[in-house]
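> missing the sequence, but the structure's below:
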């Protein structure tokens, strides 16, 4: 059983690494072939339209709603993380098997790691949106003068980075939920991990963007 538990953890770590590499790969694609590139293009066009029609209040409402949602989710995750940490023997020696052996023996530690990453990305999301709010209010002309880059392109890039941070936080939550399965069955944990990774990669590559 010990070997199976280690294999399950290695499959999980490999799946996370593969998905992270795939995300990096999709970020390099400029053409409208991936889900991410389509969403980014839609956001740019939406932002362009709002500025053209002087609907700054629409932008602020969207940003405020996103910050509130991220703050609420982040607060809930911090409480959950604190509760789980109390159950993990943090002072325990790593032992001869090192960190892998420690995680296998203390499965909740893996959940803590994924929750921590999710909270980090949520905070980055809030930080970028906070900067975006006052930069958008200064006008694209001022942004271009200071940053040396076309104002709308700079703001849309910042908005897309912020929204992508929220997406990363949700992905970490997905993997945290899968880590809970490990508490019950390493075999089921392996299958669920692979299924989740394949599903996420499929969505990034082939899924259509739907707004309903």
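The structure has been received and is ready for your questions. Bear in mind that the values here come from a model prediction, so they are computed numbers and not experimental data.
> who's in contact with the residue most central in space within the chain?
Per Cα atoms, centre = their mean, the C-alpha nearest to the average position across the chain is that of residue 168, at 0.9 Å. Counting by Cβ atoms under 8 Å, 6 or more residues apart in numbering, residue 168 touches 23, 117, 121. The C-beta positions use only the backbone N, C-alpha and C, and glycine is treated the same way.
> mind putting these in JSON lines, pLDDT, neighbour count and distance to residue 76 included?
Shown next, in JSON lines, are those (pLDDT from 0 to 100; neighbours: other Cβ atoms under 10 Å; distance: Cβ to Cβ, whole Å):
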{"residue": "23", "pLDDT": "78", "neighbour count": "17", "distance to residue 76": "25"}
{"residue": "117", "pLDDT": "95", "neighbour count": "18", "distance to residue 76": "15"}
{"residue": "121", "pLDDT": "96", "neighbour count": "22", "distance to residue 76": "15"}
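> before we move on, back to that, helix or strand right after the helix or strand harbouring the residue nearest to the centre of the chain?
In this structure, residue 168 sits in helix 151-181 according to DSSP states H and E. The helix or strand immediately downstream of helix 151-181 is helix 186-206, counting by DSSP H and E.
> Please list the residues outside that next one that contact it.
With Cβ under 8 Å, 6+ apart as the test, helix 186-206 has contacts from 1, 4-5, 7-8, 11-12, 15-16, 18-19, 22-23, 26, 33-36, 171, 174-175, 178-179, 181-182.
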